[in-house]
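> Need the 3D shape of this:
(4 chains)
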2 protein chains.
Amino acid sequence: MADVKSGANPLFLREEELRQAMELLFFSYRDFTAEPDQILSRYGFGRAHHRVIYFVGRHPSMTVSELLDILRITKQSLSRVLSQLVREDFVEQKPGTEDRRQRLLKLTEKGKKLESELIENQRRRIARAYRIAGADAVAGFRTVLYNLMDEDGRKRFDHVEALQPAIARR
Amino acid sequence: MADVKSGANPLFLREEELRQAMELLFFSYRDFTAEPDQILSRYGFGRAHHRVIYFVGRHPSMTVSELLDILRITKQSLSRVLSQLVREDFVEQKPGTEDRRQRLLKLTEKGKKLESELIENQRRRIARAYRIAGADAVAGFRTVLYNLMDEDGRKRFDHVEALQPAIARR
DNA sequence: TTATATATGTCAATATGGCTGACGTAAAAA
DNA sequence: TTTTTACGTCAGCCATATTGACATATATAA
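Numbering: from 1, shown residues only, chains lettered A, B, ... in the order given. Reported below is the predicted structural model:
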């Protein structure tokens, strides 16, 4: 437990490297979400609403259960947030054509507008970081985050060749 | 707003690049915190307790106001979590020697044990991702996260030469 | 056709972790 | 001596998560 300086063993990291990674993740994630949070509060929304708007915007006509899978919350938790977004006309639901039990989710125009407002902010932040860091750094950023995820989450990026292990290894 | 494909302008990102960055951050952060959350729940603690344990472990003898600065929450919010940790003997407080109004915070042996348990988990995850991604990728990961932070947060890493802009730019 | 499983919604109760505002105490600093 | 600072606490509010139970419509299997 105290033997953390064994640089020879690649499964162990020096204490400083480990702490640095943890803190970079913590502080950058905190700052990354701070501005959207502020915008959302003007609408009386929270981060939960942001996540719904983001993923529905990303995958129009997605079903409620697909959304639940991504967010990993209970349907009761989602329900409050989602029905609020529907009630206030940011998201619309319509029955699936194949399976009429499903409620396919889409952003309304109003919803798309809020989505853009939220995304523009983060776009600027990411663009800035990418520009300063450079293309090689960006590739490394992607590769490390990809491998930080669970097996399960990595599947989500299967279509992105540059993130695949074979390529990441060399 | 629709003109997101202007690859010439480095301040804009293609929609896919942007979405990818946002999702990598979202999913990797989610998975990164999932396991510690589970360990914590066995103790009746949440992520807030984790943050306190982490930063007190990192900076022994830190004061309450330093901790408040880092966490960016109110003292009332911290109080509930911190006093619980003190009551259950994970953190100890003792008056500052210079300024006796301060309560210097330290982990007890019990607190250090929980800290290790939580950290070992994340250490393995980071070590694994670093090993698969390789040294260059790790450098890029750090540089991008560093530049995603606010000016303010970047100061926290002032002592880390490899993260400084002059070097990051080339 | 009937029975079962699935997709979704909703009611109720509970917990965590944020917040604001107000007030108190001890100690440092002016 | 007065004011400021570091810290704590009480009370109440809000957002977001949880579990469990139950309801409805529809799809699918027996």
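> mind checking the longest helix of chain A?
helix A:15-42 (DSSP state H).
> From residue A:84, how far off is residue A:143?
38 Å (C-beta to C-beta, to the nearest Å). For every residue, glycine as well, the C-beta is placed using N, CA and C.
> Just read off the phi/psi values of the residue in chain A positioned nearest to DNA strand D.
Nearest residue of chain A to DNA strand D (C-beta to the nearest atom of the strand) works out as residue A:46 at 1.4 Å. With angles defined as degrees, to the nearest 10, residue A:46 sits at phi -120, psi -170.
> So for residue A:143 and residue A:84, which residue has more residues nearby?
Per other C-beta atoms under 10 Å in any protein chain shown, whichever of residue A:143 and residue A:84 has more neighbours is residue A:143, with 27 against 16.
> Quick one: residues contacting that one.
Residues in contact with residue A:143, defined by C-beta atoms under 8 Å, 6 or more residues apart in numbering or on different chains, are A:163, A:168, B:132, B:133, B:134, B:137, B:140, B:141.
> quick one: pLDDT of the first one?
In this case it means residue A:163. On pLDDT, residue A:163 comes in at 80.
> What is the burial count for it?
The local packing of residue A:163 (other C-beta under 10 Å) involves 19 other residues.
> Identify the residue nearest it in space, chain neighbours excluded?
residue A:146 (4.6 Å; C-beta to C-beta, 6 or more residues apart in numbering or on different chains).
> where's that neighbour, which helix or strand?
Using DSSP states H and E, residue A:146 sits within helix A:135-148.
> Please point out which parts of the helix or strand following that helix sit buried.
Sequence order places helix A:151-155 as the next helix or strand after helix A:135-148, per DSSP H and E. Within helix A:151-155, the residues that count as buried by 16 or more other C-beta atoms under 10 Å in any protein chain shown are A:153, A:154.
> Now do helix A:151-155: which elements does it pack against?
Applying 3 or more C-beta pairs under 8 Å, 6 or more residues apart in numbering or on different chains; DSSP states H and E, one finds that helix A:151-155 makes contact with helix B:15-42.
> is chain A contacted by the helix it packs on?
Yes. Using C-beta under 8 Å from any C-beta of the partner chain, helix B:15-42 comes into contact with chain A via B:17-32, B:34.
> which other residues reach stretch A:25-34?
Applying C-beta under 8 Å, 6+ apart, the external contacts of stretch A:25-34 come out as A:47, A:122, A:125, B:25, B:28-29, B:32, B:51, B:72, B:145-146, B:148-150, B:153, B:156.
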